[in-house]
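Colleague: Fold the following for me, if possible:
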Amino acid sequence: MKKIPLHTRIIIGLVLGLIFGLVVIKLNIAPDFTLDYIKPIGTIFINGLKMIAVHWCWPLSS
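Modeller: Below you'll find the predicted structure:
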């Protein structure tokens, strides 16, 4: 089975996120699910990216 390229997976994720957001808005679903379950995953991901960036840039600043 052939692997899906990274850029294709990113685009699929963006489209799925857009669809999810539009469905939540159209159906007036309370944002509790998003805030309780999806936001922490995004926060962990962003903090991981920050940790990598600081780790790479730290030796350059000294």
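
Colleague: So what are the structural domains in this structure, by residue number?
Modeller: As assigned by automatic domain parsing, the chain contains the domains 1-29, 31-62.

Colleague: In JSON lines: the ones you listed, plus mean pLDDT and mean neighbour count.
Modeller: Quick note: C-beta positions are derived from backbone N, CA and C, even for glycine. Output for these, formatted as JSON lines (pLDDT from 0 to 100; neighbours: other C-beta atoms under 10 Å):
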{"stretch": "domain 1-29", "mean pLDDT": "92", "mean neighbour count": "9"}
{"stretch": "domain 31-62", "mean pLDDT": "81", "mean neighbour count": "10"}
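
Colleague: what's the spacing between the residue nearest the centre of the chain and residue 35?
Modeller: Nearest to the geometric centre of the chain sits residue 42, at 4.8 Å (C-alpha atoms, centre = their mean). Look at residue 42 and residue 35: by C-beta to C-beta, to the nearest Å, they are 11 Å apart.

Colleague: got it, and residue 16?
Modeller: To residue 35, residue 16 is 18 Å away according to C-beta to C-beta.

Colleague: and what of residue 12?
Modeller: Counting by C-beta to C-beta, the gap from residue 12 to residue 35 is 24 Å.

Colleague: Can you tell me the element residue 44 falls in?
Modeller: According to DSSP states H and E, residue 44 maps onto helix 39-61.

Colleague: Extract the CA atoms of stretch 42-55 and return them as PDB.
Modeller: Below are the C-alpha coordinates for stretch 42-55, written out as PDB (Å, rounded to 0.1, in the frame of the first residue of the first chain):
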ATOM      1  CA  GLY A  42      -3.900  21.300  19.600                       C
ATOM      2  CA  THR A  43      -2.300  22.900  22.600                       C
ATOM      3  CA  ILE A  44       0.000  19.900  23.200                       C
ATOM      4  CA  PHE A  45       1.000  20.000  19.500                       C
ATOM      5  CA  ILE A  46       1.800  23.700  19.500                       C
ATOM      6  CA  ASN A  47       3.800  23.400  22.700                       C
ATOM      7  CA  GLY A  48       5.800  20.500  21.200                       C
ATOM      8  CA  LEU A  49       6.600  22.700  18.200                       C
ATOM      9  CA  LYS A  50       7.700  25.500  20.500                       C
ATOM     10  CA  MET A  51       9.900  23.100  22.400                       C
ATOM     11  CA  ILE A  52      11.600  21.900  19.200                       C
ATOM     12  CA  ALA A  53      12.100  25.500  18.000                       C
ATOM     13  CA  VAL A  54      13.600  26.600  21.300                       C
ATOM     14  CA  HIS A  55      15.900  23.500  21.400                       C
END
